[in-house]
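**Q** Fold the stuff below for me.
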Amino acid sequence: MKPFIALFSYAGIHHQTFDALLAELQSMREKKVKHHLAHVADDALISRSRSKAMSDFLRTDCDVFAMVDHDLQWKPGDLLALLDQAALKRAAVAGFYATRAKRAGYAGRLKQERAQVTIGKDELHEAEFLPGGFTAIPRRVVEAVLASGQDAAKTLNSDVDSDPQHVATLHQRELRECFYFDGTPFWPFFTCLQVPSTLVPGKWEFLSEDWSFSLRATLAGLQPQFLWAKPILAHFGEHPYMMAESTHAAPPSEKVR
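**A** Numbering: from 1, shown residues only. Reported below is the predicted structural model:
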């Protein structure tokens, strides 16, 4: 396996992320794992940044595409293990991590509501949508999403039937080659989608760029995709420290060791 690792850090890299990545790369060198590292830091639009990086991945001989966000921390070896899981399952696999808000849940959405998840345990949970912050995607998945998107675009260019649901699905799948301002071509894998909600009947959801890629993979017939509980991930953000909190001891927090 030869991984392509894309680090997204337009807003700068958290020092814990830097340390985790440095340790991971050192471990890969010791294990003689050939890899390609792409530092994506020149574009504030994350949907375009992820799309450009995934398009660059397709131009290499790498087998698995990994995305790492600038504000996550993991134990050395967990990223390589995530890549191995994706290669073994031949499916997209992501780690569980909390959103950057208290009691606001985790990134991604499982297919089974109220599933019992034990963080740190080697268990895979089938997902409806995957987050993009700590994620591995095999080449076969990326190539299939691209082929599905190109096929949808060709169909939309020709006469299509009048079934509005069919046309709507084609628009969700479609991918057309785009160009960045410097002339670099890329495929918009992560363009955000609006879809009927699976949680609230009659309502619509605006999917984030990573969830939109998950939906495109599903529409391309690529199921299952998984959230993996084994890695213990820390997600860093800003917190306003107030005087009201200063007189009470904070509860113990889960740390990556």
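**Q** Tell me where the model's unsure across the stretch 1-150 of the chain.
**A** Along the stretch 1-150 of the chain, no part satisfies pLDDT under 70.
**Q** Could you check the pLDDT of residue 256?
**A** Residue 256 is assigned a predicted lDDT (pLDDT) of 60.
**Q** typo on my end, it should be residue 247
**A** 65.
**Q** Counting residues, name the longest helix you see in this protein.
**A** Selection of the longest helix in the chain by residue count, based on DSSP state H, yields helix 139-157.
**Q** and whichever helix or strand comes after it, what does it pack onto?
**A** Sequence order places helix 164-173 as the next helix or strand after helix 139-157, per DSSP states H and E. Secondary-structure packing of helix 164-173 (3 or more C-beta pairs under 8 Å, 6 or more residues apart in numbering; DSSP states H and E): helix 139-157, helix 209-219. In short, each C-beta sits where N, CA and C put it, glycine included.
**Q** just the ones you listed: most buried one?
**A** helix 209-219 (a mean of 22; mean count of other C-beta atoms under 10 Å).
**Q** could you point out which element follows that one?
**A** strand 226-228.
**Q** partners of that following strand, with directions?
**A** strand 93-95 (parallel), strand 124-129 (antiparallel) (DSSP bridges).
**Q** still on that earlier bit, for the longest helix of the chain, give me every contacting residue.
**A** Applying C-beta atoms under 8 Å, 6 or more residues apart in numbering, the external contacts of helix 139-157 come out as 54, 57-58, 62-65, 90-92, 167, 169-171, 173-176, 187, 189, 213, 216-217, 219-222.
**Q** who touches the residue nearest in space to the middle of the chain in this structure?
**A** For the chain, residue 132 is the residue whose C-alpha lies nearest the centre (C-alpha atoms, centre = their mean; 1.9 Å). With contact set as C-beta under 8 Å, 6+ apart, residue 132 has these partners: 50, 67, 69, 94, 190, 209, 210, 213.
**Q** do residue 109 as well
**A** Applying C-beta under 8 Å, 6+ apart, the residues near residue 109 are 127, 128, 129, 211.
**Q** Can you go through the contacts of helix 139-157 and name the buried ones?
**A** 54, 57-58, 62-65, 91-92, 170, 173-175, 187, 189, 213, 216-217, 219-220, 222 (16 or more other C-beta atoms under 10 Å).
**Q** Quick check: the gap between the residue nearest to residue 149 when sequence neighbours are not counted and residue 104.
**A** Nearest residue to residue 149, sequence neighbours excluded (C-beta to C-beta, 6 or more residues apart in numbering): residue 175, at 2.7 Å. Computed as C-beta to C-beta, to the nearest Å, the residue 175 to residue 104 distance reads 32 Å.
**Q** same deal with residue 40?
**A** Distance of residue 40 to residue 104, computed by C-beta to C-beta: 26 Å.
**Q** When these two are compared, which one has more neighbours?
**A** Applying other C-beta atoms under 10 Å to residue 40 and residue 104 shows that residue 40 carries more neighbours, namely 20 against 9.
**Q** circling back to that earlier point, okay, the contacts of residue 109 in CSV with distance to residue 7 next?
**A** What follows is those, written out as CSV (distance: C-beta to C-beta, whole Å):
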residue, distance to residue 7
127, 23
128, 26
129, 22
211, 21
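**Q** coming back round to it: can you redo the contacts of residue 132 as JSON lines with distance to residue 11?
**A** As requested, the contacts of residue 132 are exported to JSON lines (distance: C-beta to C-beta, whole Å):
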{"residue": "50", "distance to residue 11": "15"}
{"residue": "67", "distance to residue 11": "15"}
{"residue": "69", "distance to residue 11": "10"}
{"residue": "94", "distance to residue 11": "20"}
{"residue": "190", "distance to residue 11": "17"}
{"residue": "209", "distance to residue 11": "15"}
{"residue": "210", "distance to residue 11": "16"}
{"residue": "213", "distance to residue 11": "21"}
